[in-house]
Every structure is written in structure tokens, then in C-alpha cells.
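J.: I would like the atomic coordinates for the input below:
(chains A and B)
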Amino acid sequence: MSLRLDAASLSLNGHRILQPLTLQLAQGEQVALIGPSGAGKSSLLLLAGSGHRPDGGNVQLLGQDPWQLRAPALRRLRSRIGSVYQHPPLPALQRVVTAIGAGQLGQLSTLAALRRLLWPQDVAAIRDALQRVQLGDKLWQRCDRLSGGQRQRVGIARVLYQQPELLLADEPVSALDPRLADDTVALLCADARARGATLLVSLHSVELALAHFPRLIGLRDGQIAFDLPRAEVTPSLLTALYAGEQPATADEPALGSGIRIAPC
Amino acid sequence: MLSASLHDPARASRLAGLIATPLLLLAAMAYTGFNPLLLADGDTAGTLWRFVADFFPPSTDGAFLHDLLRETATTLAIASSGLALAVLLGLPLALLTSRALERDTLCGEAPARGWQWLQRLLRGVLIVLRGVPDLVWALLLVRAAGLGSLPAVLALGLAYGGMLGKVYAEILESQPPQAAAALAASGASRLAIFGYALLPQAATELISYSVYRWECAIRASAVMGFVGAGGLGLLLDTSLRMLNGGEVGSLLLLFAALVALTEGVSRVSRAAIHSRAGGAGLAAGTLLLLTLSLLWLWPQWREAPFDVAGLWRFAQEFLRPTLHADFLVQVGNGVLETLLVSALGSALAFIGGALLALPASNRGPRWLRAPVQLLLNLLRGTPDLLWGALAVLALGLGPAAGVLALAVHTSGVLGRLFAQTLENTPPDAEAALRHSGAGRLACLCYGLLPQALPQWVAYTLYRWENNIRIAAILGLVGAGGLGQQLYLALSLFQLSNAATLILAMLLLSWGVESFSRWLRQRLG
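T.: Sure thing, here's the model as predicted:
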């Protein structure tokens, strides 16, 4: 099992964010996580990326419980897990080549990491990763000169360069136009498939989730509403999942439209 | 598809930077004779340690404590009334010169020629006021007004007036201009634009900067006594000359306490600005403090009548600066020495500040936090001139002592500012790296520092502008540079030489200020 939650729950600042969840992802599996805003998708991904410690139950990542490990072993485990963020936290003045190179910090010794900071290393591989997200010309650009969509793709290039065994992505294409979003999700799937890596992606576009992922997990109010193969996800399940949602805000325009689309 | 070259387009400039930075530092070290290894030397460390060991136990002698109390009150009174004078001087000058109140930029009116010339003149006055270090103002005024607290108040008023005038103007210029532009378009006067549009926006920032300057004024007035201008510095100078470690120890403790006190007051008043009652309380407190200060100082001033005619005669002497070639070469050397001392001191303080900021902002072992914060307070709270005196003791007379003093004091100042920056930096970049398995140092260098560095560099450059003035006066305690020559010239009553030296200080301070502003704009 690449990812395994056993009645894992999460509270932050006294608020219950995730009810006890049980969930398993086999190695090489590709799963989409959908659900209304505030359902706990990002928190679930943080739990799966050892970003939060569960306050109940158990989390197993790549066969290990991260919270039982000593610091060096935890570092090694984390270097095998890659995360893509909706707003990739890239320092403004850092250059793209450094930001992507940081993807392999978990594999590098401290000395090698510092050397890379002074003088770019492994530039060819970094440029390859960047070319796969169609930003090959931005290699030497400063991160604050990128648009929101470009930053998102640099975040994806970082994880492509990291080559993790468990890939977690939180709304990785929210700032991209529909065509590019489709290409990029396809790219994540293809990359994971080629390396036999496990992929868990949260998406606000149901359309994308249905188009690219064989298995969908619906999350609502911190609980799993359904966990089904694509063929069994019916329009009524989706309507129930998003029922009572506010009309789509500017930030998440696809929510409303997602429900109306008939699944294939 | 577009694709970048595999060669770093910035490699030439990066390589140049990587090579030039250490070379420049080494060159500056060679010129100033500052060798960090000297500090590790047994003899130096021994001398310094014996002197520092003398600080304990601090003196609790009754007569001394009585003096201490009296001079502390005088120091506080000097700082408060000096700052009041500075505000009275700086605010009108800021209102007259700030580009934020200019009708031509606000609503496109053609500027009047005469007005522009007047503004240029006033800006020049501001540069002169702040370009001459406060201690040099005191040194000059002591000749005119005699020993005591009056020259100290005047010196603070003049030097800080120039500083406040510039910073107030810049604060006004950094405000969003829409409200001011709307008023200007409807024909409002300069003062009306300030009162109705800019003051409401900028009031908290103006007040909080003034309070911060009050903190600085207390530190500055604590050393005014070194040149005979009253306050704690007088005691410190005597105790240092008599090598009375216990008394120096008491004074150091007092300085640390004063810094802690002013910081507390400063924090409370900055919080108070935001509420109506707090604002009223702040105004009342300021008024009370000012009244008490003047009441305390008045008896001293009555005894020492101000000799206006003497000041005039003195000023006339200054209108004939020495311009002999030999002397100019000597001054040139002093300028270079002062410049290098300030630059090297600031650069070393950047490193020191960075190293101290990490544990002070909880990026190191948890138990280290409190002691490092205490150390920062001590480094910062001890006046720069006292660090100069101590450094001279450790390294001997000369610019090396100046470098050490600046590096140590500025490390304390920058360490605190750097720690603040770190605490305000969003943690998510670092967290993302940690969650992908990066080590602590790597997280720091890839996630945190790139975000903090621009702010750190800006702080260091600001501080360098300040340090050039400090470097110019460290010579008064024997730490090289222009100050040493000035002290000599004034002691020998070579007033025209002194005039040249002060002119050189002015040019140097103006030059560094302009260079630093240019650098900050390029980096920003």
C-alpha cells in the first residue's frame, strides 16, 4: 500500500477538520479527490503528505508510519513523497532553476544543496522538467516575474524533477486555462504511470476528474461521501456531493458547471 | 517550443560577485588592519577579559549611585527636549520639501521657479543638519554654549531635525496620492493637503518613527558627555579613564535597563496610537515628559548663559576651511579610512546579525533563544562610542578598533531587525521543502533566506548610512578615521582644519546616502 489511512482524523485549533477516515491507495493507483470548498481536501492531502499529524487513528505512507520515525528516516521517507500546491510557495527573488532544483533537496547532502545554491547544478534535467510543463524558456527567470498559472506549472515541474513514489497534488491546475489544465493533468497521470508512482489529486473540476482518473473519492464535511470507480459515479451522487453549495465564486468558477456535465 | 540555453545568462555577474565580495572584504580588512584572528589572540583576549572581569561586581557606592540617578534624569531630559526641538525643526522642513505635497506632481500645475530654488536650498540645509554627526554638533556647540546639557539638546535638535525632516518627507511620499491629488485639484493649500489628506493616512507611521527616534536619542544623549555635553556620558568617560571597572559595570547595566525601558515605552505607545484614548494619553504623556524635562534642565541652563557673539565668532572661523594640498591628502586618507571602517563594520554586522537572528527567532535550539535575545539587547544597548572605547582597549588605537566596535554594535541592531523579518516571513515555502525531505539548513537557504534577504540587505544599507556618521566620530575615542583628526584639530584650536574635516564628513555622508539609495532602488 502506498497510502493508508486507518480511522485517521484531524483537528486544527480545536476544530474537527477531518472525521475519522479510512482509505487505501495501492501502488501505481491514480485517484481524484473531489468535493465542495471547505470539505477538507487540502487537509486530507496534508495528512497524506505528513504535513499534519493525525490526532486519532493511523497514517501509513509507503508502508511506514511517519510519526514513529526518527528525524533522518522521516527525511528519507518524505523525499519519496512529492506535493504540488495550489499556490506553490516560491520565494519571489528565487530563480526558476533554483526553485525546481530544490525538488531534490531531500536526496542531496547539505553540502551539495549549498553548492547548488551558489552555482546551478543538473541544469539539463531541470530544463527537461520545465519543458514538460511547456515553460522551457523560463529556466533563468525570477519567480516573481511569472504569472499565477506559470507559478503553478513551475510547482509541477519541481515535483516532476523530484520523481516521488507518492505524488499528492492540491488543485494543481486551478490557475490554468481549460486546455492547458487538461494537458497538465494528463501529464501528471502519464508521469506517475511511467514510473509506477501513486497519484492522488484534488480537483475542483469534476469534468477533469472524470476524464483522467479511474477512481474518484468524494469528500464532504470532512467525511468520505463516496469512494468509487469512475463508472459508478452517477450524476445524483455528484449533485448530492455539492448540494447546498454557494454559487461559484470568482476563485472557483468550475464548481457550478461541474455538476451539470453528464459523466461519460 | 521555446527553450532556454543551458548556460546561466547571469553567470558572468554571479561569478564576479562570488569572487569580488571576498576580495573587497579582504582588501578592506588589510587597509583598516582589522584581523578577526587578533580577537582569538591570547594577549588581546586576556587584556579584554581582565577589564571585563573588573565590571563585576558593579559599583554600588552611595555617592556614585546618587550621581548615576541625577545623570540618568539629565540624559532622559536631554533626549526628550532634544527630540522635541528636532520635531519642531524637522516637521516644517518636511512639509516644505516633501514631493508628496507638490502641486505640479499632484495636479500638473506648472511649478514656480523661485519656489523650486527655495526647496533645493532647504533640502541642502537638511543634508547639512543630518550630515554632521550629532556628536560633532555637540563638540562645536560646547565651544559656544559651554559645558553642560544645553549644547547636547541643541546638537540633538539639529542632527535629528535633519534626519526627521528627510524621513517625514519620505513617509509622506510613500502614501497613496489619490486623496492628496483630489484636494490639490480643488485648490487646497499645502498645509491643507497635509492636514486633510496625508496626515490621517500617515499619522501612525509618523508617530511611530518619532518614538523610535526618541529611543535613539536616549542612546545618543548617553554618550554626549564624552565631549563634555552633560548626561551619563560624563560619568562613563570618567570611569573609563580611571579604569574603574565596577562603575563601568553599573553604567552598562543601566544602559541595558534604559534600552529595555524605552523599548517598552515605545511598544506601548505604538499600540496606543490606534485608539482615541490611547492617542490622547500619548499626547498627555509627551507633554508631561517635556515639561518635566525642561523643568529639570532649566536651572542648569540659567547658570550657563549662551554666548551668541561667541558662537558667531566661532562660526566665522569655520568659513575659512584649510585647503592645502598636504592637508587635503591627509583628509582624503581619513575619508577612505572612515568609509572602509563603516563598510567593513556593516558587512561584518550583516553576517553577525544573520547568525544571531536565527536563534533569536526560534530557528535554533529553543534554549538558546532567551540568551541570544539578551545578548542582542546588550550589543545594541551599549552605546557605539562605548564599544569604540572597549575596542580600542582590545585592539589598540586605530581603525581596526572602529571596525570591531561598529561590527559588534550593528550586529545587535541588525540581529533584532533580521529576527523580526524572519518572524514575519510566511513559513509555507520552508514547510513545503521540509515536507519533501529537505534538511534544516537546506530549508533555510532555499525557503526562508531568499524571502528575507532583500529586506535584510535594505536594512543593512540603511544602517550603513547611519554607520558612516558613527565611523566619523569613533575617532573621538581613538578608533581612527576622520573623528580622530577632528578631535586633534579642535583640541589644538585649528578651527580651519576642523572646518575642512567637517566638510569632508558632510560630503562622505551625503555620498554614502546617495549611493545607498541608488543601490536600494536597484535591488528593490
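
J.: which residues in chain A form helices?
T.: For chain A, applying DSSP state H gives helices covering A:41-48, A:71-78, A:96-101, A:110-118, A:123-132, A:148-162, A:178-195, A:206-212, A:235-242, A:254-260.

J.: Would you mark the buried spots in the longest one?
T.: With burial defined by 16 or more other CB atoms under 10 Å in any protein chain shown, the residues of helix A:178-195 counted as buried are A:180-182, A:184-185, A:187-189, A:191-192. Heads up, the C-betas are built off the backbone N, CA and C, glycines and all.

J.: Show me where chain B dips below the pLDDT cut-off.
T.: Under the criterion pLDDT under 70, the flagged ranges of chain B are B:1-2, B:304-306, B:524.

J.: Quick check: the residue of the stretch 51-200 of chain B with the smallest separation from chain A vs B:Tyr168, distance?
T.: Nearest to chain A, among the residues of the stretch 51-200 of chain B, is B:Ser174, at 19.8 Å (CB to the nearest CB). B:Ser174 sits 11 Å away from B:Tyr168, going by CB to CB, to the nearest Å.

J.: Looking at those two, which is more packed in?
T.: B:Tyr168 (24 against 12; other CB atoms under 10 Å in any protein chain shown).

J.: so which two of the buried residues of helix A:178-195 are the farthest from each other?
T.: A:Leu180 and A:Ala192 (18.7 Å; CB to CB).

J.: contacting residues around stretch B:259-279?
T.: With contacts defined as CB atoms under 8 Å, 6 or more residues apart in numbering or on different chains, stretch B:259-279 is touched by B:203-204, B:207-208, B:211-212, B:214-215, B:218-219, B:281-282, B:285, B:377, B:380-381.

J.: so which of these is the most crowded?
T.: B:Ile218 leads the contacts of stretch B:259-279 on contacts (other CB under 10 Å) with 26 neighbours.

J.: which one is residue 56 nearest to, not counting chain neighbours?
T.: Answering for chain A, as no chain was given. A:Ser9 (4.2 Å; CB to CB, 6 or more residues apart in numbering or on different chains).

J.: try again with chain B
T.: B:Gly249 (6.1 Å).

J.: tell me which element that neighbour falls in.
T.: helix B:245-272 (DSSP states H and E).

J.: and after that helix, which helix or strand comes next?
T.: Taking DSSP H and E, what comes next after helix B:245-272 is helix B:276-303.

J.: Tell me how far the very next helix or strand once past that following helix lies from the chain's centre.
T.: Using DSSP H and E, the helix or strand that follows helix B:276-303 in sequence is helix B:308-318. Centroid separation between helix B:308-318 and its chain, computed with CA atoms, centre = their mean, to the nearest Å, is 29 Å.

J.: Pull out the buried positions in the helix holding B:Gly249.
T.: B:245-252, B:254-256, B:258-259, B:262-263, B:265-266, B:269-270, B:272.

J.: ok, now stretch B:436-450?
T.: Within stretch B:436-450, the residues that qualify as buried by neighbour count (16+ other CB under 10 Å) are B:436-439, B:442-450.

J.: Now name the helix or strand holding the closest residue to B:Ala181 other than its chain neighbours.
T.: Sequence neighbours aside, B:Leu106 is the residue nearest to B:Ala181 in space, at 4.7 Å (criterion: CB to CB, 6+ apart). Using DSSP H and E, the element containing B:Leu106 is helix B:103-107.

J.: Show me what that helix is packed against.
T.: helix B:178-185 (3 or more CB pairs under 8 Å, 6 or more residues apart in numbering or on different chains; DSSP states H and E).

J.: helix or strand right after the helix it packs on?
T.: According to DSSP H and E, the helix or strand after helix B:178-185 is helix B:190-193.

J.: Give me the contacts around that following helix.
T.: So helix B:190-193 is in contact with B:95, B:101, B:103, B:106, B:180, B:183-184, going by CB under 8 Å, 6+ apart.

J.: Which members of those residues are classed as buried?
T.: B:95, B:101, B:103, B:106, B:180, B:183-184.

J.: Sketch out the low-pLDDT regions of chain A for me.
T.: In chain A (pLDDT under 70), the answer is A:245-264.

J.: what residues are up against whatever residue of it ends up closest to chain B?
T.: Nearest to chain B in chain A, going by CB to the nearest CB, is A:Gly106, at a distance of 2.5 Å. Applying CB under 8 Å, 6+ apart to A:Gly106 gives the contacts A:75-76, A:78-80, A:162, B:436-438.

J.: repeat that with 10 Å
T.: A:75-82, A:113, A:162, A:164, B:433-439, B:442 (CB atoms under 10 Å, 6 or more residues apart in numbering or on different chains).

J.: Right, I'll leave it there.
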